[in-house]
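Asker: Provided below are the primary sequence and the corresponding predicted coordinates.
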Amino acid sequence: MTNYFVGLMSGTSLDAIDCVVVDFSSGVHLLGARSYDISHQRRQAILDLCQPGDNEIDKMGLLDRQLGLDFAHAVNQTLSDLNIDKQKIVAIGSHGQTIRHRPENSLKFTLQIGDPNTISYETGIDTIADFRRMDIAAGGQGAPLVPAFHKAIFNQNSHATAVLNIGGMANVSLLQAPMLGYDTGPGNVLIDHYCRQFFNQPYDSEGNIAARGHIIQPMLQDMLQHPFFQKPAPKSCGRENFDNHWADPYVEAALTEYSAEDIITTLTEFTAVSICQGLALSQRQIDRIIVCGGGAFNALLLQRIAHHSGTEVSSSIKFGVDPQWVEGIAFAWFAMRTLNGLESNAPSVTGAEKAVVLGAHYRAN
């Protein structure tokens with residue numbers, strides 16, 4: 001009997017749906033993966049829901065179903081491309097698309113959409129979803145969740161290792177006991193947005209645009225005053241904290257004197273500095289930083305993180321895991337844990353009162 005699981009991930013970057021197929025029979029073995037671009041229309045619909053607006057319930061209900069169909073299509077297409085019989089898949093782990101994350105509220109909540117009923121029905125495969133809200137019910141922030149997975153695959157007993165995931169937001173996992181993990185602030189979210197706006201590119205490939213500009217120090221220092229950076233861990237953030245609505249005033253003011261390239265350079269430096277300030281919050285010795293997520297492909301960003309941290313920085317590919325697929329693999333792993341009745345949050349990371357089994361099981365008919 002196979003132990004194959006599918007992982008689905010659509011993050012705050014809003015660039016693509018990642019779909020991975022993982023075999024957990026012996027360790028963690030990636031059988032294959034595909035990425036499916038999110039259309040401009042769908043991206044804009046998601047962005048509209050990330051901020052308060054009119055007619056939200058109807059818009060959310062429609063988008064919930066649309067994303068469920070998109071996720072199901074990604075699974076069916078990936079299994080077809082890889083020539084894997086869906087009968088071999090135990091379950092799908094779907095993160096869903098976050099549209100609101102409010103861990104600072106007196107009554108915390110988080111909301112991910114992408115209807116798992118639709119996914120299970122359209123694929124004929126059991127689906128595990130809604131991973132974050134049980135941690136919140138237990139008093140946690142529902143984020144970050146991936147540190148528990150990072151510890152499972154990257155734990156290096158001989159090193160004080162930090163795993164840095166740079167997606168739309170950036171989060172760090174400090175693997176030495178007691179394990180710590182928290183969001184450090186923006187990852188690619190601002191860089192990607194202004195690359196689309198100014199250069200009609202979805203992201204800054206290898207940091208080539210940023211390499212042509214200069215750091216705008218007044219803009220950088222003003223942005224670093226955001227109150228999130230002064231908060232102690234555990235802490236998490238989302239587009240509600242860092243998106244173009246927040247950054248536009250800084251960008252518009254800077255454009256009166258500086259170039260669009262200078263904006264991308266400054267946002268890249270802002271991401272690097274805020275990540276390193278976040279690492280320093282732990283007050284721990286860190287010997288090595290392993291980077292995953294889309295930011296791992298931005299060579300200039302990694303150079304700036306190494307410069308500010310004074311620490312060796314390596315892509316997770318060096319450790320046998322493609323950085324593009326780490327979060328997709330993580331949610332396949334969470335689904336496997338859920339079906340086996342195993343806890344998979346990390347209370348020392350999220351602030352939950354205890355370890356709990358995450359996710360809800362949506363059976364295929």
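Answerer: Sure thing, it's come through.
Asker: secondary structure element for residue 195?
Answerer: For residue 195, the host element (DSSP states H and E) is helix 189-199.
Asker: how about that helix: buried residues?
Answerer: Residues 189-196, 198 are the ones in helix 189-199 that count as buried (16 or more other CB atoms under 10 Å). Just so you know, the C-beta spots here come from the backbone N, C-alpha and C atoms, and that holds for glycine as well.
Asker: Can you get me a residue count around the closest residue to residue 96 other than its chain neighbours?
Answerer: In space, and not counting its chain neighbours, residue 96 is closest to residue 112: 3.2 Å by CB to CB, 6 or more residues apart in numbering. Around residue 112 there are 22 other residues, counting by other CB atoms under 10 Å.
Asker: Residue 20 now?
Answerer: Counted with other CB under 10 Å, the neighbours of residue 20 add up to 27.
Asker: That one belongs to a helix?
Answerer: No. Counting by DSSP: H, G, I helix; E, B strand; the rest coil, residue 20 is located in no helix; its state is strand.
Asker: Can you tell me the closest non-neighbouring residue to it?
Answerer: Take residue 20 and drop its neighbours on the chain: the residue closest to it by CB to CB, 6+ apart is residue 328, 3.9 Å away.
Asker: Go ahead and confirm the one you found touches residue 19.
Answerer: Yes. At 6.7 Å, residue 328 and residue 19 qualify as touching, with contact defined as CB atoms under 8 Å.
Asker: joint contacts of these two?
Answerer: Taking CB atoms under 8 Å, 6 or more residues apart in numbering as the contact rule, residue 328 and residue 19 both touch 7-8, 33.
Asker: who wins for most neighbours among the residues you listed?
Answerer: Busiest of these [other CB under 10 Å] is residue 8, holding 30 neighbours.
Asker: for that one, what are its contacts?
Answerer: Going by CB under 8 Å, 6+ apart, the list of residues near residue 8 reads 17-19, 71, 74-75, 92-95, 114, 119, 328, 331.
Asker: Could you list which residues are in contact with the closest residue to residue 34 other than its chain neighbours?
Answerer: Spatial nearest neighbour of residue 34, chain neighbours left out: residue 78 (4.5 Å); criterion: CB to CB, 6+ apart. Neighbouring residues of residue 78 by CB under 8 Å, 6+ apart: 6, 19-21, 32-34.
Asker: low-scoring pLDDT stretches of the chain, where are they?
Answerer: Along the chain, the parts satisfying pLDDT under 70 run over 1, 156-158.
Asker: Let me see the domain layout of it.
Answerer: 4-143+325-362, 147-323 (automatic domain parsing).
Asker: Pull out the buried positions in the lengthiest helix in the chain.
Answerer: Longest helix in the chain, counting residues (DSSP state H): helix 56-81. For helix 56-81, burial by neighbour count (16+ other CB under 10 Å) applies to 60, 63-64, 66-68, 70-76, 78-79.
Asker: Report the next helix or strand after that helix in sequence order.
Answerer: Immediately after helix 56-81, counting by DSSP H and E, sits strand 89-94.
Asker: and that next one, what other elements does it pack with?
Answerer: strand 4-9, helix 56-81, helix 116-123, strand 127-129, helix 326-339 (3 or more CB pairs under 8 Å, 6 or more residues apart in numbering; DSSP states H and E).
Asker: can you list those in CSV and add distance to residue 287?
Answerer: Formatted as CSV, the helices and strands packed on strand 89-94 follow (distance: least, CB to CB, whole Å):
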stretch, distance to residue 287
strand 4-9, 29
helix 56-81, 37
helix 116-123, 40
strand 127-129, 35
helix 326-339, 20
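Asker: of all the ones you listed, which lies closest to residue 216?
Answerer: Residue 216 sits nearest to helix 326-339 of all the helices and strands packed on strand 89-94, at 31.3 Å, using CB to CB.
Asker: Next, the angle strand 89-94 makes with the closest one.
Answerer: 120 degrees (axes from the mean of the first three to the mean of the last three CA atoms, to 10 degrees).
Asker: burial count for residue 114?
Answerer: Residues near residue 114, counting by other CB under 10 Å: 27.
Asker: Tell me which residues touch the residue nearest to it when sequence neighbours are not counted, please.
Answerer: Using CB to CB, 6+ apart and skipping the chain neighbours, the partner closest in space to residue 114 is residue 67 (3.8 Å). Neighbouring residues of residue 67 by CB under 8 Å, 6+ apart: 10, 42, 96-97, 113-115.
Asker: Would you convert the residues you listed into a markdown table that also reports distance to residue 181?
Answerer: Below are those laid out as a markdown table (distance: CB to CB, whole Å):
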| residue | distance to residue 181 |
| --- | --- |
| 10 | 21 |
| 42 | 30 |
| 96 | 20 |
| 97 | 22 |
| 113 | 24 |
| 114 | 24 |
| 115 | 29 |
